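# this is a predicted model, with the sequence first.
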Amino acid sequence: MFKSTTVLGIIRDKKAVIGADGQITFNNTILKHTAVKVRKLYKGKVLAGFAGSVADALTLFERMEEMLERYSGDLKKASVELARLWRQDKILRRLEALLAVLDKENALIISGSGDIIEPENKIVAIGSGAPYAQAAAYALLKHTDMDARSICEEAIRIASRICVYTNDKITILEI
């Protein structure tokens, strides 16, 4: 588990949202409060967020963008190919990060061990605060009419009250 962040992605009502807190830690020290850990890829049609090493995540964002270009924005195919490359490449296999990726139909978590997880409920969560944000998002999805953006923001705020590696300086992207 990465002790570094909370990233949460949700698909609801044909909208995809991804959000992340802004805290960067090194061991037990907070180095930054306003980091941006999410971005749009492939002509703004795919959302991605990372947990783990920043340099590794930036490399993976670049590779994901390449795969999306190669497969014309097909998120599932691009994710499979990224996971394959990540696992097989001598340099990439040493990268320590997780990616959460979404488009308006698919929500996936990709790991360096070749895992591609597609939750049934269209919620993806990674990082040390993921269990808290995910639980909050489940409850909000089930018991409220809040939109995806509002659920994402509130769920990360809830996680920030529990996880010491998560703060309430949240960046949210939507498609």
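Received it, and whenever you're ready, just let me know what you need.
# where does the prediction get shaky in the protein?
Scanning the chain for pLDDT under 70 picks out the ranges 1-3, 90-95.
# tell me what the helix or strand containing Ala155 is packed against?
Assessed by DSSP states H and E, Ala155 sits inside helix 148-160. Applying 3 or more Cβ pairs under 8 Å, 6 or more residues apart in numbering; DSSP states H and E, one finds that helix 148-160 makes contact with strand 7-12, strand 15-20, helix 130-143, strand 171-174. The C-beta positions use only the backbone N, C-alpha and C, and glycine is treated the same way.
# looking at these, which is buried most?
strand 7-12 (a mean of 27; mean count of other Cβ atoms under 10 Å).
# and it with helix 148-160, angle?
Following axes from the mean of the first three to the mean of the last three Cα atoms, to 10 degrees, one obtains 150 degrees for the angle between strand 7-12 and helix 148-160.
# partner strands of strand 7-12, with direction?
strand 15-20 (antiparallel), strand 123-126 (antiparallel) (DSSP bridges).
# got the contact list for that strand?
Strand 7-12 is touched from outside by 16-20, 37-38, 47, 49-51, 100-102, 104-107, 122-127, 130, 133-134, 137, 141, 147-148, 151-152, 155-156, 159, with contacts defined as Cβ atoms under 8 Å, 6 or more residues apart in numbering.
# hmm, 7 Å instead?
Residues outside strand 7-12 that contact it (Cβ atoms under 7 Å, 6 or more residues apart in numbering): 16-20, 37-38, 47, 49-51, 100, 102, 104, 107, 122-127, 133-134, 137, 141, 147-148, 151-152, 155-156.
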